[in-house]
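J.: Could you work out the structure for the sequence below:
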Amino acid sequence: MSTARIFQRPKNAMQSGRHRTNLWQLEIPSDDPKRPDPLTGWAGGADTREQVNLSFPTLEAAVEYAEREGLAYTVIPAPQKTLKLQSYADNFR
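T.: Below you'll find the predicted structure:
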């Protein structure tokens, strides 16, 4: 069984909103390799575990769930949020 990832979703670069960026995600990758479908050519597989993404309010809740279910996991730390402070006049320099 592959190692589950626990991480916080980063802010979307194309949007200014921060919806659901405070939640922690638990994602289980698939062990089976993807293979092309003979009819459509799309890559896919029979393993549905990669479709499951669980959300938790805190890191501790996500870790507790992984340990309770016997999942091997890796915690990816949340990226540091940095502000780029500049004035409107800086756009014209």
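
J.: Lowest mean pLDDT among the helices and strands, pick that one out for this structure.
T.: Taking mean pLDDT, DSSP states H and E as the measure, the chain has strand 43-44 as its least confident helix or strand, at a mean of 86.

J.: Pairing partners for that strand, with directions?
T.: strand 35-36 (antiparallel) (DSSP bridges).

J.: next one: the strand it pairs with to chain centre, how far?
T.: 24 Å (Cα atoms, centre = their mean, to the nearest Å).

J.: do stretch 83-93 as well
T.: 31 Å.

J.: Show the end-to-end separation of it, please.
T.: 20 Å (Cα to Cα, to the nearest Å).

J.: Over to stretch 15-34?
T.: Stretch 15-34: ends 31 Å apart by Cα to Cα.

J.: ditto for stretch 69-78
T.: For stretch 69-78, the end-to-end distance is 23 Å (Cα to Cα).

J.: can you check stretch 8-21 too?
T.: 6 Å.

J.: for stretch 13-31, same thing?
T.: For stretch 13-31, the end-to-end distance is 30 Å (Cα to Cα).

J.: Then stretch 20-28?
T.: OK, stretch 20-28 end separation, Cα to Cα: 19 Å.

J.: Could I get the buried residue list for it?
T.: By neighbour count with 16 or more other Cβ atoms under 10 Å, stretch 20-28 contains the buried residues 24-26, 28. For glycine as for every other residue, the C-beta is placed from the backbone atoms N, C-alpha and C.

J.: same deal with stretch 65-77?
T.: 65-66, 73.

J.: Between the residues you listed, which sits nearest residue 35?
T.: Closest approach between those and residue 35, by Cβ to Cβ: residue 73, at 27.1 Å.

J.: need the helices for the protein, in chain order.
T.: 59-68 (DSSP state H).

J.: Point to the residue nearest the middle of it.
T.: In the chain, the C-alpha closest to the average C-alpha coordinate belongs to residue 9, at a distance of 5.1 Å (Cα atoms, centre = their mean).

J.: got a list of what it touches?
T.: 20-21, 23, 25 (Cβ atoms under 8 Å, 6 or more residues apart in numbering).
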